[in-house]
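> fold the following, please.
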Amino acid sequence: MITRKLVKAVLFVSTLAGAQAAHAALVSCPTSFTTNPTAKVENSGGTLTAASACQYVTPADNNNVASVANINTAGFFGTNTWQLNGSNLQVGPGGPSGTWTIAGANFAAFDYMIVFKDGRGTNLTGFLFNELFSNGVWSTPFTDPPFDLPGQSTSHDVSHYTIVQRTGRIVPPGGGEVPEPGILALMGLGMAGFAVARRRPSSK
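Just a heads-up that it's a prediction; the model follows:
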């Protein structure tokens, strides 16, 4: 039988994860954001998607700039170990469209992500690169939908973007979802509880 302390710990982590989710959560972008002909991050010719997945932070936060610290706080694609790629920190000016380049791209060693920032009615939006291209073009992902933009706007210009990198792979070659950090914590506690239960001598 699992001890009361372990049960309390599991409940605490569950509550904490729920509180964090209520404060800020990651949502998958519409599939149109990563599929042509409507992909938002593309090759230099604007004909093929350069991203395999997209997430954005909700609720809207006008002040959430695309710094490495904020990107890791959001936990894009299940990790908080993103690091700056070269000089690609808060690159601007933005606008409705522009170009992107991964400095010193090495897809064998790193995963790369581009994170866009804008203002009212939006929040950080990140695209995980698909390893096919190291430079290309982008168009603003800040559209209504999925964002509820104020006024009569159907899209907002990008303020700036940041390109970050992470050692190792995030999305397996065959695809699949990456567990959220809170879920990973609960799984770890569950396994610990199972180990404790097995080690306790049975009473006769």
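> from now on I want contacts and neighbour counts done on CA atoms only, so please keep to that.
Will do.
> where do the strands of the chain begin and end?
Applying DSSP state E to the chain gives strands spanning 25-28, 41-43, 51-58, 83-84, 97-101, 110-117, 125-129, 135-139, 160-167.
> and those as a markdown table, adding mean neighbour count?
Shown next, in a markdown table, are these (neighbours: other Cα atoms under 10 Å):
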| stretch | mean neighbour count |
| --- | --- |
| strand 25-28 | 16 |
| strand 41-43 | 26 |
| strand 51-58 | 22 |
| strand 83-84 | 16 |
| strand 97-101 | 16 |
| strand 110-117 | 24 |
| strand 125-129 | 26 |
| strand 135-139 | 19 |
| strand 160-167 | 22 |
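> between these, which one is closest to Val65.
strand 110-117 (6.1 Å; Cα to Cα).
> in terms of secondary structure, what does that closest one contact?
Secondary-structure packing of strand 110-117 (3 or more Cα pairs under 8 Å, 6 or more residues apart in numbering; DSSP states H and E): strand 125-129, strand 160-167.
> and the strands of the chain: which comes nearest Asp148?
strand 51-58 (10.9 Å).
> can I get the helices and strands packed on strand 110-117 in CSV with distance to Asn72?
Putting the helices and strands packed on strand 110-117 into CSV (distance: least, Cα to Cα, whole Å) gives the following:
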stretch, distance to Asn72
strand 125-129, 11
strand 160-167, 10
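> can you check which of these gets nearest to Leu26?
Of those, nearest to Leu26 by Cα to Cα is strand 125-129, at 9.2 Å.
> partner strands of the closest one, with direction?
strand 51-58 (antiparallel), strand 110-117 (antiparallel) (DSSP bridges).
> need the contact partners of that strand.
Defining contact as Cα atoms under 8 Å, 6 or more residues apart in numbering, one finds that strand 125-129 is touched by 41, 50-57, 76, 111-117, 141.
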